[in-house]
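J.: my questions concern the predicted model and sequence given below.
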Amino acid sequence: MTRLQASNVTFAYNKEPIIENLNMTIPEGEITVLIGSNGCGKSTLLKMLARLLFPSKGGVYLNDNEMLSLPAKAVAKELAVLPQSAVSPEGLTVRQLVKQGRYPYQSWLKQWSKEDEEMVEYALDATGLTDLRDRPLNALSGGQRQRAWIAMTLTQGTKTLLLDEPTTYLDLTHQVDVLDLLFELNEKEQRTIVMVLHDINLACRYAHNIVAVKDKRIYAQGRPEEIITVNTLKEVFQMDCEIIYDPIFGSPLCVPHGRGRAVSNHMSPKTPHI
Ligand SMILES: Nc1ncnc2c1ncn2[C@@H]1O[C@H](COP(=O)(O)OP(=O)(O)O)[C@@H](O)[C@H]1O
Ligand SMILES: [Mg+2]
């Protein structure tokens, strides 16, 4: 299993600290979701975990090795990353994109192998894209395209997946599709998943572990049912809300205050049935 840990990390763009003295251990074999308001540093933190950015202080450790000391290809065999708003080269087909996930295993000496081919087939199958394999990416729906990116990360064959907003721009059906797929990968194959999500209710439904980021540090971390409280949401999002519970899964559901149309409550026990 891949052990991923940030130890006392600080990161600054142009001397403006975004993350400061932050400690975090990613629980192995679990789904961790990063939440926090826009611009609080979630993508920055995920990129540091992925070795795409290096902290100015402290270190990120993979299996107890400092990321800086590890070659990029070695890291890519342990961690696959889906960046926020990934852009695909013009004209690429699903299969061509998915094949790119095998780059850590390619070299001058080692050409495309049977194992590479099998991984591509597995990823296309796992994401339900086998029939769309030869379709250009620009001829896919947003949900299908997002699945193609996820398939590319799967072909890397890593134990850990890091995904930045994998459901943004998708309709609710496709959001649930993508999250169900990640949930299955976690459940059946014990993959460790770390992702940024904006939908707190979906985060609570799928995550074993939520990390709420605020003021350059972790404000709260733990099981959704323990940390998603009226107080946490007020502090992290400056939002007043009620917490109720999901009737299907029992996970916390956040109902924001604010303005809205008042509807006479037909579900209320006080309302006589007609
Ligand atoms: N390449 C960059 N150069 C300078 N500032 C950046 C850069 N990327 C992000 N930032 C700033 O860093 C902060 C954190 O960004 P980010 O990690 O993308 O936040 P989040 O993902 O939580 O919305 C924001 O204020 C953003 O404007
Ligand atoms: Mg972001």
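T.: Here it is on my side, so go on. Ligands and ions are numbered 1, 2, ... in the order given.
J.: neighbours of residue 93, how many?
T.: 17 (other C-beta atoms under 10 Å). Any C-beta I mention is one placed from the backbone N, CA and C, and that applies to glycine too.
J.: what's the helix or strand for the spatially closest residue to residue 36 that is not a sequence neighbour?
T.: Leaving aside its chain neighbours, residue 36 sits nearest to residue 213 (3.7 Å; criterion: C-beta to C-beta, 6 or more residues apart in numbering). Element membership for residue 213 (DSSP states H and E) is strand 209-214.
J.: same deal with residue 44?
T.: Assigned by DSSP H and E, residue 44 falls in helix 42-49.
J.: who's in contact with that helix?
T.: Residues outside helix 42-49 that contact it (C-beta atoms under 8 Å, 6 or more residues apart in numbering) are 4, 6, 9, 11, 13, 18-19, 22, 24, 26, 34-36, 53-55, 60, 79, 81, 83-84, 162, 164, 194, 196, 213.
J.: which strands or helices does the following helix or strand past that helix pack on?
T.: Elements were assigned by DSSP H and E; along the chain past helix 42-49, the next helix or strand is strand 57-62. Packing partners of strand 57-62 (3 or more C-beta pairs under 8 Å, 6 or more residues apart in numbering; DSSP states H and E): strand 4-13, strand 16-26.
J.: swap the cut-off to 6 Å and go again
T.: Applying 3 or more C-beta pairs under 6 Å, 6 or more residues apart in numbering; DSSP states H and E, one finds that strand 57-62 contacts strand 4-13.
J.: only C-alpha atoms, please: export the strand it packs on in PDB.
T.: In PDB, the C-alpha atoms belonging to strand 4-13 read as follows (Å, rounded to 0.1, in the frame of the first residue of the first chain):
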ATOM      1  CA  LEU A   4       1.200   9.400   1.700                       C
ATOM      2  CA  GLN A   5       1.900  12.000   4.200                       C
ATOM      3  CA  ALA A   6       2.500  15.800   4.300                       C
ATOM      4  CA  SER A   7       4.700  16.900   7.100                       C
ATOM      5  CA  ASN A   8       4.700  20.500   8.300                       C
ATOM      6  CA  VAL A   9       4.400  21.800   4.700                       C
ATOM      7  CA  THR A  10       4.300  25.400   3.700                       C
ATOM      8  CA  PHE A  11       3.600  26.600   0.200                       C
ATOM      9  CA  ALA A  12       3.600  30.100  -1.200                       C
ATOM     10  CA  TYR A  13       2.900  31.500  -4.700                       C
END
